[in-house]
Every structure is written in structure tokens, then in C-alpha cells.
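Here's a sequence, model it:
(2 chains)
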Number of protein chains: 2
Amino acid sequence: MAKVTTSIITIGDELLIGQTIDTNSAWMAQQLNAMGIWVHRRVAIGDRKEDILETMAKEAAVSDIVLITGGLGPTADDITKPTLCEYFQTKLVQHEPTLQWVLHIFESRGLPLLQRNIDQAMVPEACTVIRNERGTAPGMWFEKDGKIYVSMPGVPHEMKGIMESYVLPQLAAHFNTPAVLHHTLITSGMGESFVAERLTAFEAGLPPHIRLAYLPSYSLLKLRLTAFGADKVTTAAELTIYFNEMKLLLEDITVADQDIAIGEVLGRILLEKGKTVGTAESCTGGQIAAWITAVPGSSAYYKGSTITYSNEMKMKLLGVKQETLQTYGAVSEETVKEMLAGALNTLEVDYAIAVSGIMGPDGGTNEKPVGTVWMAVGSRDAMVTVKHHLRYDRERNIQMTAVYAMNELRKLILQ
Amino acid sequence: MAKVTTSIITIGDELLIGQTIDTNSAWMAQQLNAMGIWVHRRVAIGDRKEDILETMAKEAAVSDIVLITGGLGPTADDITKPTLCEYFQTKLVQHEPTLQWVLHIFESRGLPLLQRNIDQAMVPEACTVIRNERGTAPGMWFEKDGKIYVSMPGVPHEMKGIMESYVLPQLAAHFNTPAVLHHTLITSGMGESFVAERLTAFEAGLPPHIRLAYLPSYSLLKLRLTAFGADKVTTAAELTIYFNEMKLLLEDITVADQDIAIGEVLGRILLEKGKTVGTAESCTGGQIAAWITAVPGSSAYYKGSTITYSNEMKMKLLGVKQETLQTYGAVSEETVKEMLAGALNTLEVDYAIAVSGIMGPDGGTNEKPVGTVWMAVGSRDAMVTVKHHLRYDRERNIQMTAVYAMNELRKLILQ
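Numbering: from 1, shown residues only, chains lettered A, B, ... in the order given. Reported below is the predicted structural model:
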């Protein structure tokens, strides 16, 4: 069975000047992979006809499917549709169902209709129009010389709607795809090269159709096994054997045996044990709470947080003693211990996380340089305090602190 | 003056299966653009020799500079260096300063040294080695047939260190680049097509070397003017004239006249007015606080937050009445009003933001479907309440809510 391959083309100057981070491609790749379609290349190009034409031709030469996002909004910098007409040697025609849909949207929102909105119903005659349930710009499906091309708007939730409702089912019907399966183990506390050293024999013993990749992610390390095969059931069974072997080798440093965020790892443990959690955050400014509550259903174990940026709030909301703050400072083991005790009390939870640090770029001293962070995690019965010296920018320091702290609590609960 | 162009190649299977979102390319593009180097294309490919060789040749054919990230870590899935040797017809040799640097890092951390760490000092003989101050894998600068190639590790903060300390200064010295300048206006409260309608005459009057792009971002719309010119001062002056004209046309809907996050927009207003802010968050779970504190120096105006996921915490920390929760529910105008009053009181701040909603995927009812959110923003003297019906996934609903609420407070303060 031949491998079915896709190229993803993203159109838009905003991607080339770095104003927008491309999250569409990652989502599309995940969906395609899950159904056994391999993403061969991802290309981002600007809003220029020549580049679009050239890139479409190049990618169609190496891939079975060419997925295109971007360049379909109602504003004047969009040149994608005329370019598609040139590529497929067709012309723009008005598509009646799309026009009715656009009219319906504007009517129901009580907005006046502009010519540029009506123009959304103009589509290349050669395409199959795909209804965009979440916006006015439709998707367009083309076939040429045995290749499939789909053009979609770049707004993420509109693109996702079109992919889910039409493109993915159609591709599944069109191709007989091989199984591509991934299984990821997340570890902490051991560097990439040391993990690799421990896995040397295991990796050497992998068959050619199973690959291992090392993906550092904040303070964690993800180990991804990927298996290819003709049959999904057989491939999955084989992957499981190798995955379990790897898991056994790394048992002492395993955080999770699937690719989920640390907030979800922690949430599942709390849910299973019927325990609750809260946070007392200073330097992370709500990041830990936001990651805990990013998980659907987190209200079952998450009650609340206090974010205490000022000393006054540390005293008022968490009962940290003025003397402690004066003697040891806000970034100290003593302060995070009192923050933790205060959080357990104030938030009435079984477990809590308390952090205080200096995330930068300013605010450091000789004694406590930027990147110094203290954390305390625990319950009324057990507590751990940890100090870190982080060396990154503000954003990354905050994220690293959040991951470290959540992982410390995970370890403490499982002890 | 010819336009200097770059292609960015990102190597790594994790990008093609969607496990990792590529943030490196956006950062690189921003830096290059600021110095007048145009990013022509961005390509993501897998860890396969043939793809790497072919893509390097293709990109070098259309760009002056080829920047490559990824594939240089200490683990076995890295095939980039041997492939670079093949491309540049050279061989791997040991680079003594890199070896000393690796030895130094491992010694100072008290870690044993593995062969794979020592191998980090093996580099293609044809390259100029660039010290990686933040890791063990060095950057590599190549020149061939008048084109420049730079290979860097994919770990973001390592790549950034190498770019800032060496690559960007070297490129600036090497090329005589044109000025490429951007200026962005952020608006809210008017759809893309209506803004475009209002700007029709303005846009038609733009000279060919100044372009306007529409970039929707959550509930906001960014309007970016880009100018190209031989001379930076002249180009900037000309861009400013057009930007001010556009700003005047959109004065009633302007959020900010530069491309900064809503947290920073709000922070600057608070700083200027010498006022403080706090948040009382339910459904956003700390996201608003996290975005406010993402701004360096935010401790000058941000004191703290309470995140009250449970009804008990809404009552205990914010003084929301049990009767209110029973009669109207947690997601109601009455509840967010009381949350706001409680936040102003508890957090002792001048302004506060209170939100409560149902972010999904579960938890909706017929009366209050998923996506229903109530927000109250204000001070002791003035308050606004707003209800929204959001139609996205949990993550986006949370982010939209945070942007809406922060923008409501911005408007209220400026009234």
C-alpha cells in the first residue's frame, strides 16, 4: 500500500513577518496523521500570485493532497481566489447556496450587507463548494491530474469546521491509507542524553517501521514511538509491546504514558483519588490555575486560587506573616511555606501549590537574581519545598515554574 | 537595491505530526523583518536526508539566506549534521572550543559526560562554528555559491541566543538591506468587512510600496500597514503619515496604535493613571490574571486575584450572597456584579474584572448553553456588565472571554 502524502500550504504575509503563529498546520497534521495520511511538507508563503502558483505546482508534484489555508477573507489583500482560477484554468461564478448562506448570516445578525460580503459567494467554477458553517468564506475542493486540492479560510475555527464536516471524511473515503500510530511517554528529572543512553539497546532493537523521537517540552521530555503498518490492529498491538518495554525501562522517571498536558496528568490523579487542589500564586500570575482549569471537567477537583502579587495580599488572603516577609523576603522558602498553609486553609482544599519568584527581566538582586523561584507543594500532612534558578525570558520562566510546581505536586501525591 | 530574501527550514517530524507548534519561525521572521530582510518562504520537513537535501537546494535557488532549525540535539533521531556534510561535500571534525564548552557545562552541573554529548563537538569542517551559550549543540554558518546557510538547534531559547549574538549582526554586516517597516492599529467592535468599507478610499490611495493587511485576532482586528523603501528615515516618515490618516478614520474603534497584547494596552493605561487592578475569575480560571502579569513591571498596578471556581469560594472570598447564587445561578449578571464588588473590596484595588461563564464542552443547559458568559468590569463609581454567547471550543472561549473583559475595562477607564 502506497503512503498517502499531504502538503500543507499556508498563505498570508502575517506568517512571514512573524505577526501570527501558525497553529492551523499543527492541528491539521494531527487530524491527518490519526487517519494514516502523512504530512510531507508544510510551506508558508506570502500573498503573491506567483508564489502561490509555483508552490501549488511544486507541492502537487510530491504529494497526493494539497491543503491550502488563508487568503479567503472579505478584505482587499486577498488574491487567492483569482489565483486558484488561473491555476485550474477556470473562472469565478456566483454560487447560489453560498450567497443565500451569506444573506442569512447578515440578516440574522441584523447587519447591512456589503458588496465584499456578496463577493464571498463568487467561487471558481471548477470546484466543489464546501459550506462554511462558522463564517462566510466557503471551502473549495478541486481535483486535477489525480491530485486533490482543498482551499480553506485561515481563521482557525472556520478551517476546523470545514475539515471536520467535509474534508476529513472525504479523504478517508477517497484513500486506502496505512495505519500511522503514535504513543508518547512523558518523563521528568533526567536529561535527554541520559535517557537516550538508557534506551540505547531498546532503540537498536526497534524494527525499521517503528521510530523513537525525543521531544523536550519545558522541563519535561516526551518520548514518542511511531509505528507504520498496513493494518491498524496489528500495528497497534506491536506498538503497545514496544511502548510497554520502553515504559518499564523509564518507570522511575515517568510522568504520563500518553501525550497530555501536565494539568491533565495532575487532574486525573486528583479525580481518581477524590481530592481537591488550589493554588497560591505570586510570580506565575495565574498560569498554574489557567493550566489546571484548561481541562474540561476540572471543577470536580479545582476549587479556586488566590493570586497574591503584593505583600499586602499575601498577608491578607493567605495569612503570611509580615515578619516573615520582612525577614526572609517574598521570594523565600519561609514565605512559600506560609503561602501553602494559607492556601490549604483559605481555599479549603486537600492539596495546594504555592510559588513565589522573580521572573524578569527586572527585579533581581545579587542575592536573588532574576530566575530565582521558590515553590511549596503539599497537603496538611506532607509538604515539599523546592528552589529553582531559571535562565530564560519572562514568559518561559513562568511556564517552566508552572510545570515544575505541578510536577512536584504530582510526585508528592503519588508517593 | 535588491530585496534580500530568506527561507526558513524547520526540521523535525514533530512538526509534521502536529505534536509541536512552530513558534521559532515567527520569532525569526520578526527579527529579520525588523532589519529589512524579507522571509520568502517557511518550510517544515521531516527528519529524512533526501527531504533535507532537496529542500535546501530548492530554497537556496530562490533565497539569499537559508536558515535551518532543528535536528541537532544529542539523541539518535538527529541526522542533520551528516546531511549537511553531504550537501556541502565536507566531513565531520572535532571542534576543540565546542568540546571544551561541553566539558565545562557538564562539569559545572556535576553530570557525567556521555559519548553523545562529546559528539556535539563534531561539526562539518566547512562551517564557521557559532558558540551556543545556552546549550551544547553549536550553530553552524556555511557559505556556498554566494548563498548563506545557518543551521541551529530547534530549542527556542538556544536558537534565539545564537541568532541574537551572531547571526543577525553578521547578516546586517553582510547585506545592504532595504527598510521594511510595519505599523499596526488594533480595533474592536466592528467587523472586518465594515472596517474595509470605511477604508476603501484610503486603501485605494496607498502608493504601491505601502500595503494594508487585515488580521483578525480573537475579538479584535489588527490593521497592519507595511512600507518598503531604500531609506529607513524617509520610509518611516511616509508610513507615519498614512498610519495617522488611517488612525483618524478609525478613531472611534481604536484599541491601540501599536501591536501589543491587550494586557499591555490595559497595563499602560493603568500605569499612566496611577490606578490598580485585580480580577475575580471563574470560567477563565486565571487567564486574565496571567495575561495581565505577562507584562514586565505589572506589579506596579496589579495586586492580585481570586479565582473562585466553586460557589463556596465565590461566597467566602468575594462575599457573593448564597441567595444570589441560588436565585440567579453562578452564571448571571447578579453574580458577576457581586463578584466585582467583592473583588474591589477584597483585593483593595481601583478597578476590577469579574467573569463567570460556561466554557464547555459540557455544563450547558437549555437556558444557559455552553458559551454563555457574564462579565462585570468597573470601579466603586462605575460599572458595566456584558453578556456574550461564544461559539468556540473551551480554549478559545476562555481566551475570547479574557480579551472581551479586558477590553471592556479599557473602554470604561477611558470614558
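
how about the residues of the stretch 301-415 of chain A that lie near chain B?
By the rule Cβ under 8 Å from any Cβ of the partner chain, the part of the stretch 301-415 of chain A lying against chain B is A:302-310, A:312-313, A:316-317, A:346-348, A:360-363, A:391-396, A:398. For the C-beta atoms, the positions are set from N, CA and C on the backbone; glycine is no exception.

Make sure A:Val355 is actually in contact with A:Lys337.
No: counting by Cβ atoms under 8 Å, A:Val355 does not reach A:Lys337; the two are 11.9 Å apart.

Spell out the secondary structure type for the closest residue to A:Glu281 other than its chain neighbours.
Once flanking residues are discounted, A:Glu281 sits nearest to A:Ile307: 4.9 Å by Cβ to Cβ, 6 or more residues apart in numbering or on different chains. At A:Ile307 the chain is in strand, as set by DSSP: H, G, I helix; E, B strand; the rest coil.

distance of A:Ile307 from A:Gln30?
Relative to A:Gln30, A:Ile307 is positioned 33 Å away (Cβ to Cβ, to the nearest Å).

Between these two, tell me which one has more neighbours.
A:Ile307 (32 against 14; other Cβ atoms under 10 Å in any protein chain shown).

shared neighbours of A:Val355 and A:Lys337, which are they?
Residues touching both A:Val355 and A:Lys337 (Cβ atoms under 8 Å, 6 or more residues apart in numbering or on different chains): A:Ala376.

neighbour count winner among these two?
Between A:Val355 and A:Lys337, counted using other Cβ under 10 Å, the more crowded position is A:Val355 (30 against 19).

Wait, a strand at the more buried one?
Yes: applying three-state DSSP, one finds A:Val355 inside a strand.

For the residue nearest to A:Glu281, list each beta-bridge partner.
With DSSP bridges as the criterion, A:Ile307 is bridged to A:Glu281, B:Ser305.

That one contacts B:Gly304, correct?
Yes: A:Ile307 is in contact with B:Gly304 according to Cβ under 8 Å; the separation is 5.1 Å.

Need the overlap of contacts for the two.
Common contact partners of A:Ile307 and B:Gly304 (Cβ under 8 Å, 6+ apart): A:Met313.

Give me the domain ranges for chain A.
A:5-174, A:179-256, A:262-414 (automatic domain parsing).

hey, which of these is tucked in deepest?
domain A:262-414 (a mean of 21; mean count of other Cβ atoms under 10 Å in any protein chain shown).

What mean pLDDT does that domain get?
In this model, domain A:262-414 carries a mean pLDDT of 96.

quick check, distance from that domain to the centre of its chain.
For domain A:262-414, the separation from the chain centroid amounts to 23 Å (computed by Cα atoms, centre = their mean, to the nearest Å).

cool, and stretch A:205-222?
18 Å.

Any idea how far apart the tips of it sit?
Terminal residues of stretch A:205-222 lie 20 Å apart, using Cα to Cα, to the nearest Å.

Please apply the same query to stretch A:36-50.
Terminal-residue distance, stretch A:36-50 (Cα to Cα): 32 Å.

On the three-state scheme, the closest residue in space to A:His95 that isn't next to it in sequence is what?
Closest residue to A:His95 apart from its sequence neighbours, by Cβ to Cβ, 6+ apart: A:Val123 at 4.7 Å. The three-state assignment at A:Val123 reads strand, by three-state DSSP.

Correct me if wrong: A:Val123 contacts A:Lys91.
No: counting by Cβ under 8 Å, A:Val123 sits too far from A:Lys91 to count as a contact (10.2 Å).

Contacts (any at all) between chain B and stretch A:111-119?
Yes: judged by Cβ under 8 Å from any Cβ, stretch A:111-119 and chain B are in contact via A:Leu111, A:Leu114, A:Arg116, A:Asn117.

need the helices for the stretch 51-200 of chain A, in chain order.
Ranges of helices within the stretch 51-200 of chain A are A:80-87, A:96-108, A:115-118, A:156-162, A:168-174, A:192-198, A:200-204, based on DSSP state H, counting those that start in this stretch.

about what we covered before: who are the contact partners of the residue nearest to A:Glu281?
A:281-282, A:285-286, A:289, A:313, B:279, B:286, B:289, B:293, B:304-307.

Relative to B:Gly205, which of those residues is nearest.
Nearest to B:Gly205, judged by Cβ to Cβ, of these is B:Thr293 at 42.1 Å.

which residues touch the closest one?
By Cβ under 8 Å, 6+ apart, the residues touching B:Thr293 are A:Thr284, A:Gly285, A:Gly286, A:Ile307, A:Tyr309, B:Ser299, B:Tyr302.

Excluding residues flanking it in the chain, which one is nearest A:Ile105?
Among residues not flanking A:Ile105 along the chain, A:Thr136 sits closest, at 6.1 Å (Cβ to Cβ, 6+ apart).

Quick check: which helices or strands does the longest helix seen in chain A pack against?
For chain A, the helix that runs over the most residues, judged by DSSP state H, is helix A:394-414. Judged by 3 or more Cβ pairs under 8 Å, 6 or more residues apart in numbering or on different chains; DSSP states H and E, helix A:394-414 is in contact with helix A:262-273, helix A:287-293, strand A:351-357, strand A:372-378, strand A:383-389.

How about the residues of the stretch 151-300 of chain A by chain B?
Contacts of the stretch 151-300 of chain A with chain B, taken as Cβ under 8 Å from any Cβ, map to A:155-157, A:182, A:184, A:191-197, A:203, A:211-216, A:222, A:224, A:226, A:259, A:279, A:281, A:284-290, A:292-294, A:296-299.

Could you rerun that using 6 Å?
Neighbours of chain B within the stretch 151-300 of chain A, by Cβ under 6 Å from any Cβ of the partner chain: A:157, A:192-193, A:196-197, A:203, A:213-215, A:285-287, A:289-290, A:293, A:296, A:299.

What of the stretch 1-150 of chain A?
Contact residues, the stretch 1-150 of chain A versus chain B (Cβ under 6 Å from any Cβ): A:13-14, A:16-18, A:21, A:23, A:26, A:29-30, A:33, A:39, A:41-45, A:74-77, A:114, A:116-117.

Could you tell me which of the residues you listed are located in strands?
When the residues of the stretch 1-150 of chain A next to chain B are checked against strands (DSSP state E), the matches are A:Val39, A:Arg41, A:Arg42, A:Val43, A:Ala44, A:Ile45.
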